[in-house]
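Participant: Need coordinates for the below:
(one chain, ligands or ions: 2)
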Amino acid sequence: MSLLPVDEALERILEGVKALPGETVPIEEADGRVLAAPLAATRTQPPFDASAMDGYAVRAANVATPRAMPLKLIGESAAGSRYHGAVADGETVRIFTGAPVPEGADTILIQENAEILDDGRIEATDTVAAGRHIRRAGLDFQKGDSVLEQGRRLGPAGIGLAAAAGHATLDVTQRPLVAVIATGDELVRPGEPCGPDQIVASNGFAIGALARREGARILDLGIIPDDSAAISDAVRSAAAAGAHVLVTLGGASVGARDLVRQALLDAGMSLDFWKIAMRPGKPLMFGRLGDMRVLGLPGNPVSSLVCAHLFLRPLIARLGQRSYAPDLRSAVLAKALRANDERRDYVRASVAPGSEGLIATPFTLQDSSMLTTLAASNALIVREPGSPAAEEGDRCRVLMLG
Ligand SMILES: Nc1nc2c(c(=O)[nH]1)N[C@H]1C(S)=C(S)[C@@H](COP(=O)(O)OP(=O)(O)OC[C@H]3O[C@@H](n4cnc5c(N)ncnc54)[C@H](O)[C@@H]3O)O[C@H]1N2
Ligand code: MOO
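Facilitator: Ligands and ions are numbered 1, 2, ... in the order given. Sure, this is the predicted structure:
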């Protein structure tokens, strides 16, 4: 039986996925969230012509020649309390940074270039062109302007802008809930006593980190033993918690203890596919249980994380109303690679800039249990099914891991 191609597997996973409705959050809680709609400014910024410096609001014509015309000080304009009145020829208003520029004045004489005469009048020691040090009303944005686009992930600058635009709450996309179940009698949590035949369960932490980065919330349902009833129970609790995605880890292959698929079927999942044409990650499984999408990731740590990069990330992005594009680039191979079979290979590699673009150096050891090589990789070389052997210097495609 021919294996399902990777691209088709992704299409089937994303088929019919509807973006979750948005929700409103206080701006203090919006860091890292994604805007569900374009954000319009509720006000103009600055709302008035404002001084950018501390000094004197003057008429440029009055200071065209240094010290030619001492100016009468008629008042003060500060940030938060403007000068009500106009500046006429021969007059000036003391002004501070952020304060409204009074009518009649057309430039700002900075205080370093002003001298206060004994009689209290102000003399310019330098000339100033019209319009200097004045921020025009609306310089940053105008009321009604769309200042942040839909799909934008908010960070410090975006949050500052949203606040300046007058928003105390923001409409953001919902964070999909991803339930994670690790299966296997051999697994123990890191830090717990480990028997001679046991290993530490690491996949859930790696997948959780990846999913959170992509914008998901995680429901960690822990380690479930190789027992069909226990696995089915955990699956039901994921569904009861309203998980949008259930990720199972391990037990996806063909061994007698690989019970996950049957347990999922027993819990009511309709299986879409099992086994795909990729390495690592061949035993990937996908199905639906009600509205919950079920992604059965292989147990081998590298297979599990590579599959999560390829399938879980786009699924979370789609649910969260975000576009997702894998970061695929072209590079030059630093080492030969042998021909591959009917599966698409994802070869762990280190990619660095060279004189002719990116250079991809594949790791010699590619065993799918080896997290050290995955942690040392910043990319995967993508080799199409049936690719002939490649020589050093050949072009290749790399998927940056980000
Ligand atoms: N006869 C065959 N055997 C296997 C095949 C096959 O096609 N025919 N496929 C192999 C491939 S490829 C993979 S990948 C693995 C996947 O198997 P499972 O998904 O059933 O995973 P397990 O057997 O449960 O575990 C594999 C390996 O990974 C360790 N593991 C499991 N869960 C975790 C976890 N949460 N954290 C860290 N490590 C974990 C587990 O102890 C095993 O060492 O099957 C091959 N076999
Ligand atoms: O595909 Mo398995 O995931 O090669 O180790």
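
Participant: Counting neighbours, what do you get for the residue of the stretch 51-200 of the chain found nearest ligand 1?
Facilitator: Nearest residue of the stretch 51-200 of the chain to ligand 1, counting by CB to the nearest ligand atom: Ala182, 3.9 Å away. Bear in mind the C-beta positions are built from the backbone N, C-alpha and C, glycine included. Here the number of neighbours of Ala182 (other CB atoms under 10 Å) works out to 26.

Participant: ditto for Ile116
Facilitator: Around Ile116 there are 13 residues (other CB under 10 Å).

Participant: Tell me how many other residues surround the closest residue to it other than its chain neighbours.
Facilitator: Of all residues not flanking Ile116 in the chain, Ile122 sits nearest, at 6.2 Å (CB to CB, 6 or more residues apart in numbering). Using other CB under 10 Å, Ile122 has 23 neighbouring residues.

Participant: Was I right to think the residue of the stretch 51-200 of the chain closest to ligand 1 contacts Asp226?
Facilitator: No. Using CB atoms under 8 Å, Ala182 is not in contact with Asp226, being 11.2 Å away.

Participant: For Gly320, grab the count of nearby residues.
Facilitator: Gly320: 25 neighbours (other CB under 10 Å).

Participant: spatially speaking, which residue is in the middle of this structure?
Facilitator: The chain has Arg153 as the residue nearest its centroid, 5.6 Å off, counting by CA atoms, centre = their mean.

Participant: residue contacts, Arg338?
Facilitator: Ala389 (CB atoms under 8 Å, 6 or more residues apart in numbering).

Participant: Report how many residues lie close to Ser237.
Facilitator: With other CB under 10 Å as criterion, Ser237 counts 15.

Participant: Kindly apply the preceding question to Leu319 instead.
Facilitator: With other CB under 10 Å as criterion, Leu319 counts 25.

Participant: how far away is it from Ala376?
Facilitator: 31 Å (CB to CB, to the nearest Å).

Participant: And for Ser304?
Facilitator: 18 Å.

Participant: Neighbour count for those two, which is higher?
Facilitator: More neighbours surround Ser304 than the other of Ser304 and Ala376, with 26 against 12 (other CB under 10 Å).

Participant: Thought Ala201 was touching the more buried one, still the case?
Facilitator: No. Here Ser304 does not reach Ala201: they are 11.0 Å apart, not a contact under CB under 8 Å.

Participant: Quickly list what's touching both of these two.
Facilitator: In contact with both Ser304 and Ala201: Leu249, using CB under 8 Å, 6+ apart.

Participant: related to what we said a few turns ago, check the secondary structure at the residue of the stretch 51-200 of the chain closest to ligand 1 for me.
Facilitator: Assigned by DSSP: H, G, I helix; E, B strand; the rest coil, the conformation of Ala182 is strand.

Participant: Contact partners for it?
Facilitator: Per CB under 8 Å, 6+ apart, neighbours of Ala182: 201, 203-204, 222-224, 249-250.

Participant: Which parts of the stretch 51-200 of the chain are strands?
Facilitator: 55-58, 72-77, 91-95, 107-110, 114-116, 122-124, 134-135, 146-148, 169-173, 177-183, 187-188, 199-200 (DSSP state E, counting those that start in this stretch).

Participant: Deepest-packed of the ones you listed, please.
Facilitator: Of all these, strand 55-58 has the most neighbours on average by mean count of other CB atoms under 10 Å, namely a mean of 28.

Participant: just the angle between the helix or strand where Ile223 lies and strand 177-183, please?
Facilitator: Using DSSP states H and E, Ile223 falls within strand 217-224. Between strand 217-224 and strand 177-183, the angle comes out at 10 degrees (axes from the mean of the first three to the mean of the last three CA atoms, to 10 degrees).

Participant: Now that Ser232 has come up, it's in contact with Arg261, right?
Facilitator: No. Contact status for Ser232 versus Arg261: not in contact, 11.6 Å apart, counting by CB under 8 Å.

Participant: list the residues that contact both of the two?
Facilitator: Contacts common to Ser232 and Arg261, judged by CB under 8 Å, 6+ apart, are absent.

Participant: can you count the residues close to Leu249?
Facilitator: 29.

Participant: For it, give me its contacts.
Facilitator: By CB under 8 Å, 6+ apart, Leu249 lies in contact with 180-183, 201, 203-204, 207, 297, 299, 304.

Participant: switch the cut-off to 7 Å
Facilitator: 180-183, 203-204, 207, 297, 299, 304 (CB atoms under 7 Å, 6 or more residues apart in numbering).

Participant: Compute the distance between it and Pro362, please.
Facilitator: 26 Å.

Participant: Likewise for Leu310?
Facilitator: From Leu310 to Pro362 the distance is 18 Å (CB to CB).

Participant: ok, the two, which is more surrounded?
Facilitator: Higher neighbour count among Leu310 and Pro362: Pro362, with 26 against 23, using other CB under 10 Å.

Participant: My read is that the more buried one contacts Leu380, right?
Facilitator: No. With contacts defined as CB atoms under 7 Å, Pro362 does not count as touching Leu380, sitting 9.4 Å away.

Participant: hmm, back to that, hmm, the helix or strand following the strand holding Ile223 touching ligand 1?
Facilitator: Under the assignment DSSP H and E, the closest C-terminal helix or strand after strand 217-224 is helix 228-240. No. Figure legend: helix 228-240 not in contact with ligand 1 (CB under 6 Å from any ligand atom); closest approach 11.6 Å.

Participant: which secondary structure elements does the strand holding Ile223 contact?
Facilitator: Applying 3 or more CB pairs under 7 Å, 6 or more residues apart in numbering; DSSP states H and E, one finds that strand 217-224 contacts strand 177-183, helix 203-213, helix 228-240.

Participant: what angle separates the first one from helix 228-240?
Facilitator: Regarding strand 177-183 and helix 228-240, their directions subtend 170 degrees when assessed with the same axes, to 10 degrees.

Participant: now the angle from strand 177-183 to helix 203-213?
Facilitator: Going by the same axes, to 10 degrees, strand 177-183 makes 170 degrees with helix 203-213.

Participant: And the strands in the stretch 301-402 of the chain?
Facilitator: 328-333, 344-354, 357-362, 379-383, 395-400.
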